[in-house]
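S.K.: Prediction below, plus the sequence it came from.
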Amino acid sequence: MCFINLRIMSGKKKVDLKVVLLGANNVGKTLLIYRYINGTFQSQEATIGAALFLKQWGPYKVAVLDTAGSERYSELLHLYCHGAGAAILAFDLTSPNTLESLWAQFGSKLETANKDCLKIVVGTKLDLMDPGSRDITKEEGQKLARELNEHLNLKKLPHDPYFETSSLNNENVREVFEYIFQHCLPLSADQKKRYQEDNGMIVLTDSPTSSKKAGC
């Protein structure tokens, strides 16, 4: 189980699970987390460094860390990934190079995460993709997700840790986070079903943001 007990910045709040979002600039990480938090789609300012959110899921506190995709902050990612029990590796479904470079660019940053860190591969901007002429196949994403989680017993997972999402249409956004919580937090089946209905999350602390609008 990727169940952790750590203290995070800002007030030394104790959390039970840390989830980190990684991906290149403008793939839509911030739009993904804000859609999950607020249930709305709106343009967000580019993240500088990282933004931290806190979710109460049943008896557990979950920290979700949205990291900047800009190269200028890459050296900080080892710090942000430290002690992470799960990681969302996001790429743009309309931009093949964001999948091709995903693990090469961010894999080493996860060396400071928990050894049993669950790695979720998430394709974004599904609404912009033409189903009839896909540049990235679902099988490619699923293959990468399986390879990144060979350290886990994949038979215990409901399906490959791979999702294709649309923050605009709110497609598969909640499913990404529920997949993580249900795998990483030790609850009974009845408890997990009950806590799915509670989607409350608050901003615990936020980094300064630039004035440039982006979905980073």
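M.R.: On my side now, so go ahead. Predicted, not measured: the structure shown is a model, and the values here were computed from it.
S.K.: Go through stretch 93-109 and flag the buried ones.
M.R.: 93-95, 98-99, 102-103, 105-106, 109 (16 or more other Cβ atoms under 10 Å). In this view, the C-beta of every residue, glycine as well, is placed from N, C-alpha and C.
S.K.: Which pLDDT value does the model give the most centrally placed residue in the chain?
M.R.: In the chain, the residue lying closest to the centroid (Cα atoms, centre = their mean) is I88, at 3.0 Å. Listed pLDDT for I88 reads 98.
S.K.: That one contacts V20, doesn't it?
M.R.: Yes: the pair I88 / V20 is scored as a contact, 7.3 Å apart, by Cβ atoms under 8 Å.
S.K.: So what does V27 have for phi and psi?
M.R.: phi -80, psi -10 (degrees, to the nearest 10).
S.K.: quick revisit: could you work out the most separated pair of the buried residues of stretch 93-109?
M.R.: Taking every pair in these and measuring Cβ to Cβ, the maximum separation is 24.1 Å, between T94 and K109.
S.K.: For whichever strand or helix holds F177, name the packing helices and strands.
M.R.: If you go by DSSP states H and E, F177 is part of helix 173-184. Judged by 3 or more Cβ pairs under 8 Å, 6 or more residues apart in numbering; DSSP states H and E, helix 173-184 is in contact with strand 17-23, helix 29-38, strand 86-92, strand 118-124, strand 162-164, helix 189-195.
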